[in-house]
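>>> Kindly generate the corresponding structure for this input.
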Amino acid sequence: MKSADQHHRNGSLRDSRATIMDVARDAGVSKTSVSRYLSGEFKVLSDDIRQRIEASIARLGYRPSQMARGLKGGRTRLIGLVVADVMNPYSVAILHGAEAVCQQHGYTLMLCNTGNDEAREKQALSMLRSYDVEGLIVHSQGRPSRFMYDLLESNLPVVLVDRRVSGIEVDLVGLNNRQACRAATLHLIERGFADILYVTQPIRAVSSREERHTAFLETLAARPDCRGETLELAALDDEAALDHALAAFMSRAGSQRKALLAASGVVTLQLVLALRRLGLTVPQQVGLLGFDELSWSKLVEPGISTLAQPTDEIGFQAATRLLQRIATPDHDHHELLLPGTLIVRGSTSA
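Reported below is the predicted structural model:
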């Protein structure tokens, strides 16, 4: 138990401003250990030391002085986060997880939204480099582009999120797409849906979409009693084209129960709206399972079954990996693929 004097001392530190030496004394570690923690050099610290430093930082309300640290070490303590679509809930969750790590270790996160546009990607990189960011977390379009090759030439530490880019060898953190789509497809089959339409945005050259689609096809290939096909949506807002394709699928001959498997949250939303326009009930007439757990998934009757991605954890791990890469730039590149979680609701009832 801390003495009254210790409590008073900690309170005084909160009232003024705790220093790195205050954190070191409170945690019972060296100033060097605290500096390494703040720089993301986690591998050189034991779990016990890291936890003591974390507790002291929280207890003392320690906030690193970015200006002082920058002047001393020639570092800006800035991290760039480039996302393809800031309106996508996936991007928001990634931001939340990454920001938690940056705040914890004294970095500031700068967000750039490219709107799935290659020209804006290039502008984002130019802007971030002008601020001397120390590293980048990138959720790109997923296709090779001048932007990605410029990244390689910049020698900035980079971690990709969700999507690999052909010819670009950097760290990646994302969902285990094959495992997740296999689990989703098997769930539909086990619930008695043997005629499945896989609905996705254009697949070509986007690694996460390719992996999910391949897993869907492979899972169905192992089940000759089941049937499946793929619908690629050229434009999400083309309601007439989507309604026509769904009507054709539903009118196809056969006694097998039909289901829709949506490859992303934005696709799930369009399917829910289309089913309402067509007057089709879920799951009586057609089952529905969608990638991504969205806030409204449980509110739409009878509840939408989803394959939830650990998006917050993906962002957290991406930022953690980037700080490690900044501290030790010569280490081999790695991929971290996290498992998804199947959340079963009424839309896939047997």
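>>> Let me see the contact set for the closest residue to Gly265 other than its chain neighbours.
Residue nearest to Gly265 in three dimensions, not counting chain neighbours: Asp292, with 3.3 Å by Cβ to Cβ, 6 or more residues apart in numbering. Glycine gets a C-beta too; all of them are placed from N, C-alpha and C. Under the criterion of Cβ atoms under 8 Å, 6 or more residues apart in numbering, the neighbours of Asp292 are 89-90, 264-265, 268, 306-309, 311.
>>> again, but for Thr214
Thr214 neighbours (Cβ under 8 Å, 6+ apart): Arg178.
>>> before we move on, back to that, list buried residues within the contacts of Asp292.
90, 264-265, 268, 306-309, 311 (16 or more other Cβ atoms under 10 Å).
>>> Identify the farthest-apart pair in those.
Thr268 and Thr311 (14.9 Å; Cβ to Cβ).
>>> re earlier: what's the residue nearest to Gly265 sitting at in phi/psi?
phi 80, psi 130 (degrees, to the nearest 10).
>>> How about the one 4 residues further on?
Backbone dihedrals for Trp296, given as degrees, to the nearest 10, come out at phi -90, psi 0.
>>> Let me know the pLDDT of it.
Confidence at Trp296, expressed as pLDDT, is 93.
>>> same thing with Ile168?
At Ile168, pLDDT is 78.
>>> That one belongs to a strand, doesn't it?
No: counting by DSSP: H, G, I helix; E, B strand; the rest coil, Ile168 is not part of a strand but coil.
>>> From the structure, what's the count of residues near it?
Ile168 is flanked by 18 other residues according to other Cβ atoms under 10 Å.
>>> Ile314 contacts Asp162, doesn't it?
Yes: between Ile314 and Asp162 there is a contact at 7.3 Å, judged by Cβ atoms under 8 Å.
>>> okay, and the common contacts of these two?
Joint contacts of Ile314 and Asp162 (Cβ under 8 Å, 6+ apart) are 174-175.
>>> Low-confidence bits of this structure, can you list those?
1-16, 64-74, 141-148, 151 (pLDDT under 70).
>>> domain parsing for it?
4-63, 73-174+311-338, 177-310+342-348 (automatic domain parsing).
>>> Dihedrals phi and psi, Thr230?
phi -120, psi 140.
>>> Please name every helix or strand in contact with the strand or helix carrying Glu121.
Element membership of Glu121, judged by DSSP states H and E, is helix 118-130. If contacts are counted by 3 or more Cβ pairs under 8 Å, 6 or more residues apart in numbering; DSSP states H and E, helix 118-130 sits against strand 78-83, strand 108-113, helix 146-154.
>>> What strands flank the first one, and is each parallel or antiparallel?
Taking DSSP bridges as the criterion, strand 78-83 sits next to strand 108-113 (parallel), strand 135-139 (parallel) in its sheet.
>>> tell me which residues in the longest one are buried?
By that I understand strand 108-113. 109-113.
>>> Other residues contacting it?
By Cβ under 8 Å, 6+ apart, strand 108-113 touches 66, 77-83, 85-86, 91, 95, 98-99, 102, 120, 124, 127-128, 131, 133, 319.
>>> Show me which of the residues you listed are buried.
Here, 16+ other Cβ under 10 Å leaves 77-83, 91, 95, 98-99, 102, 120, 124, 128, 133, 319 buried among those.
>>> re earlier: dump the helices and strands packed on helix 118-130 to JSON lines, plus distance to Glu301.
Listed next are the helices and strands packed on helix 118-130 as JSON lines, based on distance: least, Cβ to Cβ, whole Å:
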{"stretch": "strand 78-83", "distance to Glu301": "32"}
{"stretch": "strand 108-113", "distance to Glu301": "33"}
{"stretch": "helix 146-154", "distance to Glu301": "43"}
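>>> looking at the ones you listed, which is closest to Leu175?
strand 78-83 (15.9 Å).
>>> and the helix or strand just after the closest one, what does it pack onto?
Downstream of strand 78-83, the next assigned helix or strand under DSSP H and E is helix 89-104. Judged by 3+ Cβ pairs under 8 Å, 6+ apart, the packing partners of helix 89-104 are strand 78-83, strand 108-113, strand 135-139, helix 311-327.
>>> Swap in 6 Å and give it another go.
strand 78-83, helix 311-327 (3 or more Cβ pairs under 6 Å, 6 or more residues apart in numbering; DSSP states H and E).
>>> For those, could you give me TSV that also reports distance to Ile20?
Shown next, in TSV, are these (distance: least, Cβ to Cβ, whole Å):
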stretch	distance to Ile20
strand 78-83	20
helix 311-327	17
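>>> Tell me which of these lies nearest to Asp26.
helix 311-327 (22.6 Å).
>>> For the closest one, which residues meet the burial criterion?
Buried residues in helix 311-327 (16+ other Cβ under 10 Å): 311-312, 314-327.
>>> Just give me the closest of the residues you listed to Ala245.
Nearest member of the buried residues of helix 311-327 to Ala245, counting by Cβ to Cβ, is Thr311, at 28.6 Å.
>>> Give me the nearest residue to that closest one, chain neighbours excluded.
According to Cβ to Cβ, 6+ apart, the nearest residue to Thr311 is Ala93 (3.4 Å).
>>> now the one you found: how far from Ala55?
27 Å (Cβ to Cβ, to the nearest Å).
>>> Val300 - nearest residue in space that isn't next to it in sequence?
Nearest one to Val300, counting by Cβ to Cβ, 6+ apart, is Val272 at 5.9 Å.
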